[in-house]
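S.K.: Would you be able to build a 3D model of this:
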Amino acid sequence: MIAAAKLNRTIVVATLVLILALVNWSIWAKERHLAAGEVVYLELAPVDPRSLMQGDYMALNFDIGNRIQDALLERRMQSGEMDAADGHVVVRLDAQRIANFERLDSGESALEADEMRLRYRMRNGRVRFATDAFFFQEGHAERYEPARYGQFRVNGRGEPLLVSLHDTELELLGEMER
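M.R.: Numbers count the residues shown, from 1 in each chain. Take a look at the predicted model:
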């Protein structure tokens, strides 16, 4: 009986150590992604005005997501096949690193010097890049009303992480709250 209790305690401690290691590794990976990822700006597209500002977050939609949906619809009409829920898009970056839609991609084609591959996900019939909301401190909604771009950090696999919102001149809105 004592041996069983000791074994159970060992299993609990080992499980706890494993969970903590996985959580810390995940945090480290996200921090590295933020520090080393390439900067890219995605233009915001209008969302339902009632959900633009809801309490302490802003609902987000990106213009490039609309272009991806159009390209997927065109592909579906031509081939009759349904697309996978997730995919890649190739964007062309201008001098300010603003992304412009180029083409859908399998994730394997060669890229030009000014192109980047971004991973997107389809959720509830809409294209998503990392998130569909930007959270901010309660009572600071007016700081983010002029938002026109989302700044992302993109890792080598094309996975974007939203960092901040910017106005038409790419000026940072709000404070960096990291």
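S.K.: what residue ranges in the protein score low on pLDDT?
M.R.: 33, 46-55, 81-84, 175-178 (pLDDT under 70).
S.K.: The residue nearest the centre of it and residue 1: what is the separation?
M.R.: What sits nearest the mean C-alpha location of the chain, by CA atoms, centre = their mean, is residue 130, with 2.0 Å. Residue 130 sits 51 Å away from residue 1, going by CB to CB, to the nearest Å. All C-beta atoms are positioned from the backbone trio N, CA, C, and that covers glycine.
S.K.: same check, this time on residue 39
M.R.: Counting by CB to CB - residue 39 and residue 1 are separated by 60 Å.
S.K.: Which one's more surrounded, these two?
M.R.: Using other CB atoms under 10 Å, the more surrounded residue of residue 39 and residue 1 is residue 39, with 12 against 5.
S.K.: Phi first, then psi, for residue 105.
M.R.: According to degrees, to the nearest 10, the main-chain angles of residue 105 amount to phi -150, psi 150.
S.K.: For stretch 133-147, buried residues please.
M.R.: Going by neighbour count (16 or more other CB atoms under 10 Å), the buried part of stretch 133-147 is 134, 136, 141, 144, 147.
S.K.: Enumerate every residue touching the first one.
M.R.: Spelled out, it's residue 134. Residue 134 is in contact with 57-58, 60, 144, 147, 150, 162, 165, counting by CB atoms under 8 Å, 6 or more residues apart in numbering.
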